[in-house]
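Visitor: Sequence plus the predicted model coming up.
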Amino acid sequence: MHRRLCLAAFIPFACLAVVAWGDKAEKIHEGIVVSVTGDLIVMTDSDGKNEHSHNTDAATSITVDGKPAKLPDLAKGDRVKVAIDEDGKVVRIAATRSKK
């Protein structure tokens with residue numbers, strides 16, 4: 001499969017890109033973690049504005065700094081890229097933790 005960028009656009013609540021993986025298109029939301037509760041991640045856009053949330057499930061792939069993780073491993077302030085499939089399901093979350 002070849003990864004190709006189909007469309008990139010900025011929308012009011014997050015940076016959004018549409019990426020095609022084979023026959024499936026995914027939307028990528030980039031932002032900052034506000035909190036994690038149960039299966040819910042609350043985040044803002046990359047500027048720290050426009051708070052919104054995403055539901056996850058056991059099939060959601062999560063990494064922190066490229067290493068496998070679980071949703072509770074995400075921390076407030078982590079930068080995240082949330083991949084959502086064409087059915088609206090969160091399939092991947094890739095977090096980057098700032099070094100203090």
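Guide: Arrived safely, thanks for sending. Computed from a prediction, not measured in an experiment: that's the story for all the values here.
Visitor: just checking, next helix/strand downstream of the longest strand seen in the chain?
Guide: The longest strand of the chain (DSSP state E) is strand 24-37. Remark: after strand 24-37, the chain's next helix or strand is strand 40-44, criterion DSSP states H and E.
Visitor: Which strands or helices does that following strand pack on?
Guide: Where contact means 3 or more Cβ pairs under 8 Å, 6 or more residues apart in numbering; DSSP states H and E, strand 40-44 is packed against strand 24-37, strand 52-55, strand 79-85. C-beta: built from backbone N, CA, C; applies to glycine.
Visitor: Which neighbours in the sheet does that strand have, and how are they oriented?
Guide: Using DSSP bridges, strand 40-44 pairs in its sheet with strand 24-37 (antiparallel), strand 52-55 (antiparallel).
Visitor: Need the contact partners of it.
Guide: For strand 40-44, contacts defined as Cβ atoms under 8 Å, 6 or more residues apart in numbering pick out 14, 29, 31-36, 50-56, 71, 74, 80, 82, 90, 93.
Visitor: again, but for stretch 29-36
Guide: 14-16, 41-46, 48, 51, 54, 71-72, 74-82, 84, 95.
Visitor: Return the set of buried residues in that stretch.
Guide: By 16 or more other Cβ atoms under 10 Å, the buried positions in stretch 29-36 come out as His29, Glu30, Gly31, Ile32, Val33, Val34, Val36.
Visitor: same thing with stretch 90-100?
Guide: In stretch 90-100, counting by 16+ other Cβ under 10 Å, buried: Val90, Val91, Arg92, Ile93, Ala94, Ala95.
Visitor: Mark which of those residues are part of strands, please.
Guide: Per DSSP E, those map to strands at Val90, Val91, Arg92, Ile93, Ala94, Ala95.
Visitor: Taking those residues together, which two end up most distant?
Guide: Val91 and Ala95 (14.7 Å; Cβ to Cβ).
Visitor: just to revisit the earlier point, I'd like the buried residues of stretch 90-100 laid out as TSV, including pLDDT and distance to Ala25.
Guide: Output for these, formatted as TSV (pLDDT from 0 to 100; distance: Cβ to Cβ, whole Å):
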residue	pLDDT	distance to Ala25
Val90	96	15
Val91	96	12
Arg92	96	14
Ile93	97	18
Ala94	97	18
Ala95	97	22
